[in-house]
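Engineer: fold the following.
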Amino acid sequence: MAEHLTKETFLEKVFDYEKNQDWKFEGELPAVVDFWAPWCGPCRTVGPIIDELSTEYKGKVNFYKVNTDEEQELGAVFGIRSIPSLLFIPKEGQPKLAVGALPKESFKSAIEKELLVNEPSQN
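Structural biologist: Sure, this is the predicted structure:
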């Protein structure tokens, strides 16, 4: 399951924007952050996909969720204007933002391309 982040855990696990003006990823593994809200229909479609991927990529990619209703400051920091918005964060380099509900295969392609993580083998 994807981990739900508050501002406090976001600063600790993803990016401490209060200390750093320039991007500095705090995580050990590449990550995907799903900016969502409970009232958003497409977000409810993406949520289970994110949870499936978090299981499939366990130990390779960390998956996080940020409820933009509860954590408005985090949404503002990244200029989130529509949801779902997904932030793909490589271990090195700049994060990339994707907007909209994507099918699972598109997420896998983005994880491979943006995070340089190979698709997990099927058991």
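
Engineer: please, which helix or strand holds the spatially most central residue of the chain?
Structural biologist: Most central in the chain under CA atoms, centre = their mean is Val33, positioned 1.3 Å from the mean C-alpha point. Val33 is part of strand 31-36 when elements are defined by DSSP states H and E.

Engineer: tell me the strands beside that strand, with direction?
Structural biologist: Using DSSP bridges, strand 31-36 pairs in its sheet with strand 62-67 (parallel), strand 85-89 (antiparallel).

Engineer: let's have these in CSV, adding mean neighbour count.
Structural biologist: From N, CA and C alone the C-beta is placed, and that goes for glycine too. Conversion of these to CSV gives the following (neighbours: other CB atoms under 10 Å):
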stretch, mean neighbour count
strand 62-67, 22
strand 85-89, 22
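
Engineer: out of these, the one nearest Met1 is which?
Structural biologist: Nearest of these to Met1, taken as CB to CB: strand 62-67 at 8.2 Å.

Engineer: list the buried residues of the strand holding Val33.
Structural biologist: Ala31, Val32, Val33, Asp34, Phe35, Trp36 (16 or more other CB atoms under 10 Å).

Engineer: residues contacting the third one?
Structural biologist: Looking back up the chat, that one is Val33. For Val33, the contacting residues are Leu5, Val14, Tyr64, Lys65, Val66, Leu86, Leu87, Ile89, by CB atoms under 8 Å, 6 or more residues apart in numbering.

Engineer: format those residues as CSV; extra columns: distance to Thr55 and pLDDT.
Structural biologist: Below are the contacts of Val33 laid out as CSV (distance: CB to CB, whole Å; pLDDT from 0 to 100):
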residue, distance to Thr55, pLDDT
Leu5, 18, 96
Val14, 20, 96
Tyr64, 14, 97
Lys65, 14, 97
Val66, 20, 97
Leu86, 17, 96
Leu87, 20, 96
Ile89, 19, 96
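
Engineer: how long is stretch 27-42 end to end?
Structural biologist: End-to-end distance of stretch 27-42 (CA to CA, to the nearest Å): 27 Å.
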